[in-house]
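Visitor: This is a predicted model, with the sequence first.
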Amino acid sequence: RGGQAQREIPFAQAGSLTKVYAIASGKGGVGKSSVTVNLALALAKAGRRVGIVDADIYGHSVPAMLGVADSRPTQVDDLIMPVPTASGVSVISIGMMKPRRDQVVAWRGPMLDRALVQMLSDVYWGDLDVLLLDLPPGTGDIAISLGQHLPGAEVVVVTTPQDAATEVAERAGTMASMMHQRVVGVIENMSYLPCPHCTPEGKEHRLDVFGTGGGDRVAATLSQRFGYDVPVLGRIPLDIALREGGDDGKPVIEADPTSLSAAVLTEIAERLD
Ligand code: ADP
């Protein structure tokens, strides 16, 4: 930045009215980005002004899920304008900081830190009610940087019911706590598959594709470790509509609001609001 004074991060200022949630997971593929975009849309539907920072350096998938994969932020003076989406959510992605979409990002710690700070301080976010950050999976550089720059951010941990996912999810939560961030809850994704052959009325038959209890285990471990209640915020079923919504760039909250996954996501958004 050529000797320029670094701009302050508005969300880190005392008196900032923006709630900041970092969406974390222990490993990739558990649905962290899907959860992030759908919570953002649910909050926007409830009338909140919402921004998303896609800080998932290795798997930046948020823009595609929102149908703006090829959009690039514009610049006004020396401020970057976040990309607006059809659903009223503004987004900036680490992927948008690259000249070409297919370029591989091979940045190390200091570069990642700079990119994160830039997305928070050099982007014109305006007055947001909620800012969601899609973190990379695990306990890497970005999570440390976020803890340093935005200790007031609250963390939501996404896991699947599987043992293999829960232990790494606990580590991601513990990392947040080491950075003095509060872990506000656990979301269990891919919780179960509502059996398509059973009647939708009444209590349907569920297939526990990835086992059971992962969300509860992570919540119990973190509650015990931190000495405060870390609740399970919700259990999102496996849902074709959710996957399709992500692939089509039209999240399920918008594309299929009456689906079960959209209903659960809406409830979780209400708890975070
Ligand atoms: P992560 O951000 O944790 O890597 P993604 O959100 O990219 O995970 O999800 C990985 C894949 O799984 C995507 O194709 C997504 O559409 C799909 N997926 C996520 N959650 C569900 C769900 N509840 N039901 C069906 N598919 C899901």
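Guide: Everything's here; your move.

Visitor: which residues of the stretch 101-250 of the chain fall in helices?
Guide: Under the criterion DSSP state H, counting those that start in this stretch, helices of the stretch 101-250 of the chain are mapped to 109-121, 141-149, 163-178, 214-226, 240-248.

Visitor: low-confidence ranges in the stretch 101-250 of the chain?
Guide: For the stretch 101-250 of the chain, residues meeting the criterion pLDDT under 70 lie at 101-105, 199-203.

Visitor: Would you mind listing what in the stretch 51-200 of the chain touches the ligand?
Guide: G59, S61, N189, M190 (CB under 6 Å from any ligand atom). C-betas here are computed from N, CA, C, even on glycine.

Visitor: Return the distance of the spatially closest residue to the third one that is not a sequence neighbour relative to G126.
Guide: Among residues not flanking N189 along the chain, G31 sits closest, at 3.9 Å (CB to CB, 6 or more residues apart in numbering). Counting by CB to CB, to the nearest Å, the gap from G31 to G126 is 29 Å.

Visitor: of the two, who's got more company?
Guide: Taking other CB atoms under 10 Å, G31 and G126 do not tie; G31 has more neighbours (24 against 12).

Visitor: Report the contact partners of the more buried one.
Guide: The contact partners of G31, by CB atoms under 8 Å, 6 or more residues apart in numbering, come to V158, T160, N189, M190, I236.

Visitor: Let me see the backbone angles for it.
Guide: phi 100, psi 20 (degrees, to the nearest 10).

Visitor: Let's see stretch 175-185 as CSV, backbone CA atoms only.
Guide: Taking Å, rounded to 0.1, in the frame of the first residue of the first chain, the C-alpha atoms of stretch 175-185 are listed here in CSV:
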residue,chain,number,x,y,z
MET,A,175,-8.9,-22.1,18.2
ALA,A,176,-11.6,-19.4,18.1
SER,A,177,-11.7,-19.4,21.9
MET,A,178,-7.9,-19.1,22.1
MET,A,179,-8.3,-15.9,20.0
HIS,A,180,-10.8,-14.7,22.6
GLN,A,181,-13.7,-15.0,20.3
ARG,A,182,-17.0,-16.4,21.6
VAL,A,183,-18.4,-19.5,20.0
VAL,A,184,-22.1,-18.9,19.8
GLY,A,185,-23.2,-22.3,18.6
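
Visitor: how far is that stretch from where the chain is centred?
Guide: In terms of CA atoms, centre = their mean, to the nearest Å, the centre of stretch 175-185 is set 15 Å apart from its chain centre.

Visitor: So what touches that stretch?
Guide: Contacts of stretch 175-185 (CB under 8 Å, 6+ apart): 21-22, 24, 139, 143-144, 146-148, 151-157, 173, 219, 222, 225-226, 228, 230-233, 271-272.

Visitor: go again using 6 Å as the cut-off
Guide: 139, 143, 147, 151, 153-156, 173, 222, 226, 230-231, 233 (CB atoms under 6 Å, 6 or more residues apart in numbering).
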